[in-house]
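Q: Here is a sequence together with a model predicted from it:
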Amino acid sequence: GASPAGPPPHHAKDAWQTAKWVFWSSGELRIDSASFALVVVPEGEGKRSAAKPLGVLTGASIIGSMEPGALSTFVATTNDPVHGILRLNFQSLTDEEAFVAIASSAEASAHGGARGARRSSV
């Protein structure tokens, strides 16, 4: 994954196209299916590093690949003040498809999900 360079106010949701990205980590991305919390477990040489929370996924955009048949890049948004915008790449089309499904659900949840639905406690 990568995140934009510069202080956090520079990380505007719609400014990722002009951002200068800084490589941050490579490893296993874990997403909690109930809360959409993102955690990355960095890969290390022969050992696992400590997991790093990246906030709650609130949406994602797909950046098309330059080469036909190549994997895509995603720009994900989170509620984290430091890691609010992340650029993600996956190792397989299956991983990409799984991420798209989760990101769609996270975006619907972040924007109120089913409108008009009421929840109550008894």
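A: Sure thing, it's come through.
Q: what about the closest residue to Ala103 other than its chain neighbours, how many neighbours?
A: The shortest distance from Ala103 to any non-neighbouring residue, by CB to CB, 6 or more residues apart in numbering, is to Ala60 (3.8 Å). No exception for glycine: its C-beta is placed from N, CA and C like everyone else's. Using other CB atoms under 10 Å, Ala60 has 19 other residues around it.
Q: And for the one 5 residues further on?
A: Summarising burial for Ser65: neighbours were counted as other CB under 10 Å, giving 11.
Q: and it, how far is that from Val22?
A: Distance, Ser65 to Val22, using CB to CB, to the nearest Å: 21 Å.
Q: Next: Asp32.
A: Separation of Asp32 from Val22 (CB to CB): 26 Å.
Q: what bridges to the most centrally placed residue in the chain?
A: Among the residues of the chain, the one closest to the centroid is Ala76, at 3.6 Å (CA atoms, centre = their mean). Beta-bridge pairing for Ala76 (DSSP bridges): Ala60, Leu86.
Q: What's the per-residue pLDDT of it here?
A: Ala76 is assigned a predicted lDDT (pLDDT) of 93.
Q: Next one: Ala98 from Val82, what distance?
A: Distance from Ala98 to Val82, counting by CB to CB: 25 Å.
Q: what about the two, which has more around it?
A: Comparing Ala98 with Val82 by other CB under 10 Å, the one with more neighbours is Ala98, at 13 against 10.
Q: picking that back up, just to check, the residue nearest to Ala103 is in contact with Phe99?
A: Yes: using CB atoms under 8 Å, Ala60 makes contact with Phe99 at a distance of 7.2 Å.
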